[in-house]
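In: After the sequence you'll find the predicted model.
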Amino acid sequence: MNVLFTLLLNPAIIAVCAGFGFFACRFLGADPHMKEMLAAAFVCVISAEVGVLPLLRERRGTPDALFQAGFAGTVVHLALAALLAAAVMFGCKTGNAFAWWLLAMYWLSLVGLCWVIVKRLRASERLTRRIQD
């Protein structure tokens with residue numbers, strides 16, 4: 001899988017989520033809370049990009065090693081998102097809007113991260129089968 005695609009997938013997902021949420025809030029006449037939205041986007045992009053790093057480190061690993069790297073990446077993603085979110089909540093005194101934006105963006109970034117992991121695992125299994133045949 002292309003490294004550039006792997007690194008740009010989650011920021012693109014977060015940008016689409018933020019854009020869709022912004023226009024939905026404007027359409028409904030609600031305040032989109034731009035400060036909180038950008039803070040949640042920052043937290044999720046940083047945690048997702050750091051979560052991808054263990055998977056990128058295992059370039060041509062076995063499916064077992066890729067699975068362990070992917071699992072470690074999801075754990076890092078969760079832990080870093082929680083730590084950064086706590087730092088933003090206590091440091092910037094954000095309101096409830098930050099938690100709602102973070103909820104949406106965290107789950108979407110986790111889906112993107114898991115999608116990358118599954119694609120890498122499937123590619124590794126196909127390569128392993130081809131070598132064994």
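Out: Great, that's in hand.
In: contacts and neighbour counts: CA atoms only from here.
Out: Noted.
In: Could I get the full set of helices for this protein?
Out: Ranges of helices in the chain, per DSSP state H, are 3-28, 34-57, 63-92, 96-132.
In: Let me have these in JSON lines, adding mean pLDDT as columns.
Out: Shown next, in JSON lines, are the helices of the chain (pLDDT from 0 to 100):
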{"stretch": "helix 3-28", "mean pLDDT": "90"}
{"stretch": "helix 34-57", "mean pLDDT": "93"}
{"stretch": "helix 63-92", "mean pLDDT": "92"}
{"stretch": "helix 96-132", "mean pLDDT": "86"}
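In: which of those helices is buried the deepest?
Out: helix 34-57 (a mean of 21; mean count of other CA atoms under 10 Å).
In: and it, what other elements does it pack with?
Out: Other helices and strands packing on helix 34-57, by 3 or more CA pairs under 8 Å, 6 or more residues apart in numbering; DSSP states H and E, are helix 3-28, helix 63-92, helix 96-132.
In: can you put those helices in TSV and add distance to residue 52?
Out: Formatted as TSV, these follow (distance: least, CA to CA, whole Å):
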stretch	distance to residue 52
helix 3-28	7
helix 63-92	6
helix 96-132	7
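In: Minimum distance to residue 56: which of these has it?
Out: Set against residue 56 and scored by CA to CA, those come closest in helix 3-28, at 7.5 Å.
In: Tell me the helices and strands packed up against that closest one.
Out: helix 34-57, helix 96-132.
In: I'd like the ones you listed as JSON lines, with distance to residue 77 appended.
Out: Formatted as JSON lines, those follow (distance: least, CA to CA, whole Å):
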{"stretch": "helix 34-57", "distance to residue 77": "5"}
{"stretch": "helix 96-132", "distance to residue 77": "8"}
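In: Which of the ones you listed sits closest to residue 79?
Out: Across the helices and strands packed on helix 3-28, closest to residue 79 is helix 34-57 (CA to CA), at 8.3 Å.
In: The residue nearest to residue 67 when sequence neighbours are not counted and residue 83, how far apart?
Out: In space, and not counting its chain neighbours, residue 67 is closest to residue 121: 7.0 Å by CA to CA, 6 or more residues apart in numbering. Remark: distance between residue 121 and residue 83 (CA to CA, to the nearest Å) = 28 Å.
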